[in-house]
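1. Let me see the structure of the following:
(one chain, ligands or ions: 1)
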Amino acid sequence: MNIILLGPQGSGKGTQADLLVQKYGLNYVEMGKILRSIAESDNQHAKTVKEYLNKGDLVPDEFVRLIAWDHINKQDKEKGFLFDGYPRGLAQYDHLKDMLMKFGKKIDWVVYLYISPEESIRRLSARRTCEKCGEIFNLVTNPPKNPEVCDKCGGKLTQREDDQPEAIKRRLELFGERTKQILEKAKQEGVLLEIDGERAIDKIHEDIVDKLWIK
Ligand code: AMP
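-> Presented below is the predicted three-dimensional model:
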């Protein structure tokens, strides 16, 4: 089963992705994380990628295509995939479908987890990431014992540059513009599942699992 999970920043998409990956044993493709690790590496494109990330702008499609291909190609396709943060925009969506077709696969579901823009900003402004181990906390919904120290490894907790209010607004605008087209297309193709993301984590998960099998 191949699933694309879409949702505005702060929708809890990562949490739901983890639950689905565990339940169905899927390969997890988290594009934001892949790009951030490239930005911090000695890869020849690191500096360029970092500039896009820090501004909250999308990394150009040509580059994302190469990375996606490279990543997907290395995985066991029979296990299926959960795509998170990818595709963003119709061009990436069509490209992903072509890529999967080459492996005799298709997109089975596009799960859209929706929350309001106000809720997005509220949740993201409170997000803190550990500089050392990458653990993510939320000062409101999942607070660390000390707001500046990671509970897991004692590393320093910081706010990602793209979690600052101006960058969040920009990311939300981009998300809305680019995602609308994917949602419309997925609806036409009969693979869209719309899920209310402003509920408890387990309720949302149950709802997704129930609906994944109704075709
Ligand atoms: P995320 O962790 O999903 O919020 O992504 C963080 C940042 O990574 C985004 O603001 C973009 O700059 C970049 N990014 C993630 N996924 C993509 C993608 N599919 N295409 C282009 N840029 C991306």
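2. Give me the pLDDT value at the closest residue to the ligand within the chain.
-> Nearest residue of the chain to the ligand, counting by C-beta to the nearest ligand atom: residue 32, 2.2 Å away. From N, CA and C alone the C-beta is placed, and that goes for glycine too. pLDDT recorded at residue 32 is 90.
3. residues in contact with the residue nearest to it when sequence neighbours are not counted?
-> Nearest non-adjacent residue to residue 32, counting by C-beta to C-beta, 6 or more residues apart in numbering: residue 85, 4.4 Å away. Applying C-beta atoms under 8 Å, 6 or more residues apart in numbering, we find residue 85 in contact with 13, 30-33.
4. Get me the contact residues on this structure for the ligand.
-> Counting by C-beta under 6 Å from any ligand atom, the residues of the chain close to the ligand are 9, 31-32, 35, 52-53, 56-59, 64, 85-88, 92, 162, 171.
5. Out of the residues you listed, name the ones that lie in helices.
-> 31-32, 35, 52-53, 64, 92, 171 (DSSP state H).
6. Now these in JSON lines, please, with extra columns for distance to residue 148.
-> Output for these, formatted as JSON lines (distance: C-beta to C-beta, whole Å):
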{"residue": "31", "distance to residue 148": "29"}
{"residue": "32", "distance to residue 148": "23"}
{"residue": "35", "distance to residue 148": "26"}
{"residue": "52", "distance to residue 148": "28"}
{"residue": "53", "distance to residue 148": "23"}
{"residue": "64", "distance to residue 148": "33"}
{"residue": "92", "distance to residue 148": "37"}
{"residue": "171", "distance to residue 148": "24"}
